[in-house]
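K.L.:
just to be clear, the model below is a prediction. Sequence and coordinates:
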Amino acid sequence: MDIKREMEEMARSAKLASPAMANLSSLSKNRALLAMAEAIEEKAEDIKSKNRTDLKEAKEASLTPALIDRLTLDDKRIKNMAKGLREIAELPDPIGEVIEEKVRPNGLRIKKVRVPLGVIAIIYESRPNVTCDAAGLCLKAGNAVILRGGSEAINSNKIIAKVLQEAAYSSGIPQGAIQFVETTEREAVFQLIKMDEFIDVVIPRGGEEMIRNIRANATVPVISHGKGVCHTYVDRDADLGMAEKICFNAKVQRPGVCNAMETLLVHKDIAGEFLPGMIKKFEEAKVEIRGDEKTKSIVPHIKNASEEDWSTEYLDLILSVKVVDSLSEAIDHINRYGTMHSEAIVTRDEDAARRFLNEVDACSVFWNASTRFTDGGEFGMGAEIGISTQKLHARGPMGVRELTSAKFLIFGNGQIRE
């Protein structure tokens with residue numbers, strides 16, 4: 001079978017499952033999610049075995065340590081996958097929720113309620129746990145889903161998808177509601193993103209080039225999850241002990257993820273006091289520092305930052321550092337080079353913080369906290385499908401509610417329009 005026909009059959013099958021998915025009871029969905037969680041734990045050794053195959057090939061292909069970290073599944077991460085499914089089961093069911101209700105002067109009663117998006121195609125790279133999160137979230141929101149992971153995680157993704165499908169279908173979920181694209185040919189993606197007859201939304205998660213290509217070629221609506229060039233600005237009125245902890249966590253705790261800090265901005269009034277110790281701590285953690293001229297005048301041995309550095313998502317133990325003259329310069333820098341992902345200010349000055357929160361254009365803006373908190377689980381949303389950096393249809397971490405649309409239900413008793 002050629003790829004186009006294969007993708008069309010998959011999309012058609014998902015479309016056929018979609019109405020039944022939309023009408024599943026909360027009890028049925030939650031039962032399936034719990035069965036899926038149990039199956040993931042039961043098959044942990046099989047999953048790790050397939051993951052070792054992916055890791056071996058990734059190392060032979062000289063993938064970066066950050067990408068290998070994203071790819072790795074250990075006992076803790078597999079347990080967290082199962083935990084995420086159980087947390088999704090505990091969330092309120094958004095389907096049928098009344099968003100708004102009113103009665104018009106002519107007696108028409110109008111309800112606006114949440115409904116599933118329908119069929120969602122999710123195209124992602126590296127992290128095999130996304131297979132689990134995406135399937136669970138789409139199921140809870142009453143959507144059918146087509147999953148297409150990256151070639152670097154194909155063995156891990158295939159077994160995870162198989163485990164989830166078997167558990168879900170055994171629990172009464174309609175056949176075709178959870179599907180996984182096993183071919184690694186790029187042609188599969190090109191075909192899927194043009195099947196607007198069957199697919200309602202495409203959600204790409206991965207590299208900037210992949211997302212740009214999908215947005216340029218898709219006829220299906222796209223909710224994109226862009227890269228994370230995230231900043232932390234240490235203001236002149238910052239608690240420097242707090243700032244050191246926040247900055248270190250934002251860069252070092254897990255550098256290969258999209259909410260890790262890539263640029264540190266420091267006010268000139270405290271740069272001389274703050275930067276030497278901060279950079280020493282970073283270097284002890286094997287972070288490569290690239291600084292502007294003002295930073296180098298304080299810590300001369302670091303590398304020069306280029307213009308390109310300010311817009312680079314390193315996803316690695318590399319950090320660019322800039323000394324700024326004012327809060328205004330920090331905000332301008334972020335709005336110029338940032339990617340509308342996650343930005344933070346560390347300060348005791350409430351007026352400065354409020355201005356930063358209001359003027360920085362990003363989906364998540366923090367005051368005295370690490371950018372690493374931009375995450376569906378940390379926001380109390382359960383697992384997430386990803387972090388949307390655009391402004392339509394959703395922005396920020398996308399949980400169950402963000403995988404729904406709305407429908408108007410109008411109740412009358414014979415009204416006609418005059």
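P.N.:
Structure's in. What do you need? Note that the coordinates shown come from a computational prediction; the quantities given were computed from them, not determined experimentally.

K.L.:
who's in contact with the closest residue to Glu288 other than its chain neighbours?
P.N.:
Of all residues not flanking Glu288 in the chain, Ile318 sits nearest, at 4.7 Å (Cβ to Cβ, 6 or more residues apart in numbering). All C-beta spots, glycine's among them, are computed from the backbone N, C-alpha and C. For Ile318, the contact set (Cβ atoms under 8 Å, 6 or more residues apart in numbering) comprises 262, 287-288, 290.

K.L.:
what's the spacing between Ile318 and His225?
P.N.:
22 Å (Cβ to Cβ, to the nearest Å).

K.L.:
likewise for Glu9?
P.N.:
Distance, Glu9 to His225, by Cβ to Cβ: 27 Å.

K.L.:
who's in contact with the residue nearest to Asp316 when sequence neighbours are not counted?
P.N.:
If the residues on either side of it in the chain are set aside, Asp316 comes closest to Ala66, at 5.0 Å by Cβ to Cβ, 6+ apart. Under the criterion of Cβ under 8 Å, 6+ apart, the neighbours of Ala66 are 255-256, 315-316.

K.L.:
is Ala66 part of a helix or strand, or is it coil?
P.N.:
Under DSSP: H, G, I helix; E, B strand; the rest coil, Ala66 falls in the helix class.

K.L.:
just to revisit the earlier point, who has more neighbours, Glu9 and His225?
P.N.:
It is His225, of Glu9 and His225, that has more neighbours when counted by other Cβ atoms under 10 Å, with 23 against 14.

K.L.:
what sits closest to that one if chain neighbours are left out?
P.N.:
Spatial nearest neighbour of His225, excluding adjacent residues (Cβ to Cβ, 6+ apart): Gly386 at 4.0 Å.

K.L.:
any idea how many residues pack against the one you found?
P.N.:
Neighbourhood size, Gly386 [other Cβ under 10 Å]: 25.

K.L.:
isn't Ile331 right up against Phe356?
P.N.:
Yes - here Ile331 reaches Phe356: they are 6.5 Å apart, a contact under Cβ atoms under 8 Å.

K.L.:
all helices for this structure, in order.
P.N.:
Using DSSP state H, the helices found in the chain span residues 3-22, 26-42, 44-60, 65-71, 75-90, 129-140, 154-170, 186-192, 208-217, 240-252, 268-284, 293-298, 327-337, 350-359.

K.L.:
which one of the contacts of Ile318 sits closest to Ile203?
P.N.:
Ranked by distance to Ile203 (Cβ to Cβ), these are led by Glu262 at 23.3 Å.

K.L.:
residues contacting the nearest residue to that closest one once chain neighbours are set aside?
P.N.:
Nearest-residue entry for Glu262: Val229, 5.1 Å, with adjacent residues in sequence omitted and distances by Cβ to Cβ, 6+ apart. Val229 makes contact with 262-263, 310-313, 337-339, 341, according to Cβ under 8 Å, 6+ apart.

K.L.:
what about these, which are in strands?
P.N.:
The strands, defined by DSSP state E, take in 262-263 from these.

K.L.:
restricted to buried residues, select the contacts of Val229 in ChimeraX.
P.N.:
In ChimeraX, a selection of the buried entries from these looks like this (16 or more other Cβ atoms under 10 Å):
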select :262,263,310,312,313,337,338,339,341
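
K.L.:
tell me which residues in the helix or strand bottoming out on mean pLDDT in the chain are buried?
P.N.:
Lowest on mean pLDDT, DSSP states H and E among the helices and strands of the chain sits helix 65-71, with a mean of 86. Neighbour-count burial for helix 65-71, counted by 16+ other Cβ under 10 Å, picks out 66-71.

K.L.:
what does stretch 297-316 give?
P.N.:
With the criterion 16+ other Cβ under 10 Å, stretch 297-316 contains buried residues 298-299, 302, 305, 309-310, 312-316.
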